[in-house]
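Visitor: Fold the following and give me the result.
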Amino acid sequence: MLRWTLLIFFLLLQTSCDQSATNEPIVKVESPRHDPLQATTLLQEPTEVHVFETTAEALTIWRRAANDKPTLLLLSNNPHLNPVPEPLRQKSAILVNNAKIENIRLATTDRNPSPLMLPGMAVDIALRSGWFSELAWALPLRDAAQELDLEKFKAQLSSSGIADTRETETMTLNKRLLSGNLRGTPFRAAALPLLKLNGPVIVHIDLSYFQPIYKNEISTPLLDIIFQTIQTLKKMNLNTLAVTFSYGHLDSQIALDVRFIGDIVAHLIEDPTRLDQDIPLNWQRQRDSLYLANFFQKDKIRELFEAQEKDEPDAAYVKFNLYRSAADHKEGAKALDYLSQAVALDPVYALEYFELSNMAYNKQRPDEALRMLELAAEVFHKDPFLKLQMAMLANELGEKEKALELLNKVRNLTWSEIFYPHMPQEIADMTAFVRDGVGSEKNAGHQTTDSENQIELVIPDEGQLRERIIHK
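Guide: This is a model prediction of the structure:
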């Protein structure tokens with residue numbers, strides 16, 4: 001079965017952020033003039049697709065349309081509407097209105113010890129900045145005729161902290177179309193074909209959109225879902241200022257197996273004539289491999305991946321396919337070599353080392369678990385939570401000096417008092433345990449969680465922070 005959820009193992013932390021705070025709509029800041037965006041009719045003429053790792057990075061494109069006040073058409077399972085904590089809203093608004101993408105990337109990741117925003121807050125800050133006249137959320141439903149439950153929807157928005165009482169009271173349901181007001185902005189949510197949009201739009205597609213629609217390759221073939229979505233967008237004749245796409249591996253726990261979808265979406269939107277052409281041969285091979293996986297045809301799948309490599313020798317997704325195939329054939333060294341090649345071509349594939357680390361630990365191989373994390377650290381070398389994981393494993397292996405060295409590196413960091421208020425004490429406790437064998441043992445063991453649970457429609461239950469699990 002196609003893997004969707006990528007489990008990343010981080011430290012489990014509690015936050016003191018109050019998501020029940022009122023969602024005051026607009027944060028006013030001075031904003032520089034940005035280069036304007038040029039409108040096109042989506043999928044009736046070529047439209048550039050701006051591809052990003054996270055939805056927060058797409059803010060650098062959205063802000064360029066602020067004077068036009070377009071509608072944001074959001075295709076995503078995660079609406080990215082978690083409220084930015086009130087003490088950080090002004091600074092966050094200044095950031096997203098002015099900063100370069102490198103600074104936005106650093107300040108909006110939970111791999112930063114002191115972020116201004118966390119994953120899941122990008123649309124919230126965009127609405128608070130007053131960039132959009134409306135938010136239209138395309139719900140990822142398999143059947144556009146599916147009836148929606150207004151009270152359940154309101155309860156999900158409320159319990160997740162996305163909407164306060166005033167906002168949920170504005171919401172109504174009429175003919176499978178939800179509407180209301182969020183952050184002082186008109187809001188609609190429905191299956192994509194039911195959203196009738198006038199005026200300029202920015203279209204944002206997050207890879208998580210396809211997750212709830214996909215069941216398996218027999219009943220809901222993945223490429224068919226993508227083509228159907230693109231065809232629906234084409235029929236909408238959207239006056240489009242920009243199209244942005246986010247992968248979500250870093251902020252929505254989407255598995256690397258479906259990273260190739262970004263190439264397909266951009267390929268079709270940037271040249272709509274391709275919709276009437278035969279699909280590229282390697283896409284057909286990808287489709288065939290997904291289908292054959294249901295019948296455990298691993299040798300035929302390997303043949304398809306090897307043929308892909310001949311046609312695209314430098315494609316990272318193909319190297320990752322070959323990694324999966326070698327792993328299925330129990331060829332560990334060969335699998336790691338292919339994974340290394342994928343990482344060299346596209347460093348985001350290094351996320352796979354986190355999963356391999358957990359697998360190794362579950363097989364009573366903490367030494368191998370640490371080695372996998374060290375490989376991950378070659379890419380995510382600034383990630384403080386990764387250093388904490390490595391420290392705990394090093395201590396378990398009796399490498400006390402190495403563990404203390406890693407703990408010292410994270411101890412001297414500036415930790416957010418809002419997102420990580422207990423972190424300095426947690427590190428102090430870990431350090432005492434490693435150095436003296438005293439203090440809390442809660443950080444000395446290993447904890448795992450089930451990586452196969454699908455995110456439920458409509459609101460991912462992520463709370464204020466994506467849960468972080470460390471080797472315990």
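Visitor: contacts and neighbour counts: CA atoms only from here.
Guide: Will do.
Visitor: List the contacts of the residue sitting nearest the centre point of the chain.
Guide: The centroid of the chain falls nearest to Gly248 when counting by Cα atoms, centre = their mean (2.2 Å). Shown in contact with Gly248 (Cα atoms under 8 Å, 6 or more residues apart in numbering): Glu53, Thr54, Thr55, Asp206, Leu207, Ser208, Ile254.
Visitor: just those residues now: which is nearest Asp35?
Guide: Thr55 (20.0 Å; Cα to Cα).
Visitor: Wasn't the residue nearest to the centre of the chain part of a helix?
Guide: No. Per DSSP: H, G, I helix; E, B strand; the rest coil, Gly248 lies outside any helix segment and is coil.
Visitor: So for it, what's the pLDDT?
Guide: Predicted confidence (pLDDT) for Gly248: 92.
Visitor: Please tell me how far the nearest residue to Leu336 once chain neighbours are set aside sits from Gln253.
Guide: Nearest residue to Leu336 in three dimensions, chain neighbours excluded: Tyr323, at 6.8 Å (Cα to Cα, 6 or more residues apart in numbering). According to Cα to Cα, to the nearest Å, Tyr323 and Gln253 sit 20 Å apart.
Visitor: More neighbours: those two, which one.
Guide: Using other Cα atoms under 10 Å, the more surrounded residue of Tyr323 and Gln253 is Tyr323, with 26 against 19.
Visitor: Does that one touch Gly332 like I think?
Guide: No. Counting by Cα atoms under 8 Å, Gly332 is not a contact partner of Tyr323; they are 9.0 Å apart.
Visitor: For the stretch 201-350 of the chain, give me the ranges with low pLDDT.
Guide: By pLDDT under 70, the low-scoring segments of the stretch 201-350 of the chain are 252.
Visitor: Only alpha carbons, please: show stretch 357-365 as PDB.
Guide: Extracted in PDB, the C-alpha atoms of stretch 357-365 (Å, rounded to 0.1, in the frame of the first residue of the first chain):
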ATOM      1  CA  SER A 357      16.500   5.000  12.800                       C
ATOM      2  CA  ASN A 358      13.300   4.000  14.600                       C
ATOM      3  CA  MET A 359      13.100   0.700  12.700                       C
ATOM      4  CA  ALA A 360      16.700  -0.100  13.800                       C
ATOM      5  CA  TYR A 361      15.900   0.700  17.400                       C
ATOM      6  CA  ASN A 362      12.800  -1.500  17.400                       C
ATOM      7  CA  LYS A 363      15.100  -4.300  16.200                       C
ATOM      8  CA  GLN A 364      17.300  -3.700  19.300                       C
ATOM      9  CA  ARG A 365      20.000  -2.000  17.300                       C
END
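Visitor: mind listing what's buried in it?
Guide: Ser357, Asn358, Met359, Ala360, Tyr361 (16 or more other Cα atoms under 10 Å).
Visitor: What is the nearest of those residues to Phe187?
Guide: Of the buried residues of stretch 357-365, the one sitting nearest to Phe187 (Cα to Cα) turns out to be Asn358, at 40.8 Å.
Visitor: now the closest one: how far from Glu399?
Guide: Separation of Asn358 from Glu399 (Cα to Cα): 19 Å.
Visitor: Val265 too?
Guide: Val265 is 47 Å from Glu399, by Cα to Cα.
Visitor: And Arg302, by the same measure?
Guide: Arg302 sits 40 Å away from Glu399, going by Cα to Cα.
Visitor: And Met430, by the same measure?
Guide: Applying Cα to Cα, the value for Met430 to Glu399 is 14 Å.
Visitor: Which one of the two is surrounded by more residues?
Guide: Neighbour count, other Cα under 10 Å: between Met430 and Glu399, Met430 has more, with 26 against 14.
Visitor: Can you show me the strands along the protein?
Guide: Applying DSSP state E to the chain gives strands spanning 40-41, 49-52, 71-75, 134-139, 172-174, 177-182, 185-191, 200-206, 239-246.
Visitor: Now do the second one: distance to the chain's middle.
Guide: Going back to what we said before, that points to strand 49-52. In terms of Cα atoms, centre = their mean, to the nearest Å, the gap separating the centre of strand 49-52 from the centre of its chain is 14 Å.
Visitor: likewise the last one?
Guide: The gap between where strand 239-246 is centred and where its chain is centred comes out at 18 Å by Cα atoms, centre = their mean.
Visitor: what pairs with that strand, and is each one parallel or antiparallel?
Guide: Using DSSP bridges, strand 239-246 pairs in its sheet with strand 40-41 (antiparallel), strand 49-52 (parallel), strand 200-206 (parallel).
Visitor: ok and it relative to strand 71-75, angle-wise?
Guide: If you take axes from the mean of the first three to the mean of the last three Cα atoms, to 10 degrees, strand 239-246 sits at 40 degrees to strand 71-75.
Visitor: residues in contact with strand 239-246?
Guide: 37-42, 47-55, 58, 61-62, 65, 198-207, 262.
Visitor: Pull out the buried members of these.
Guide: Neighbour counting with 16+ other Cα under 10 Å marks 37, 40-42, 47-49, 51-55, 58, 61-62, 65, 200-207, 262 as buried within those.
Visitor: Name the nearest residue to Thr168, ignoring sequence neighbours.
Guide: Ranked by Cα to Cα, 6+ apart and with sequence neighbours excluded, the top spatial neighbour of Thr168 is Lys154, at 5.8 Å.
Visitor: Grab the two from the contacts of Gly248 that are most spread out in space.
Guide: Going by Cα to Cα, the pair spanning the contacts of Gly248 furthest: Thr55 and Ile254, at 13.0 Å.
Visitor: got the buried residues for stretch 273-280?
Guide: For stretch 273-280, it's none, nothing buried (16+ other Cα under 10 Å).
Visitor: same thing with stretch 381-395?
Guide: Those would be 383-395, for stretch 381-395 by 16+ other Cα under 10 Å.
Visitor: So what's the gap between it and the chain middle?
Guide: Relative to its chain's centre, stretch 381-395 lies at 22 Å (Cα atoms, centre = their mean).
Visitor: What is the burial count for the closest residue to Glu309 other than its chain neighbours?
Guide: Distances taken as Cα to Cα, 6+ apart place Val318 nearest to Glu309, at 6.2 Å, with adjacent residues excluded. A total of 25 residues lie near Val318 under the criterion other Cα under 10 Å.
Visitor: For Lys400, give its distance to Met390.
Guide: Distance from Lys400 to Met390, by Cα to Cα: 11 Å.
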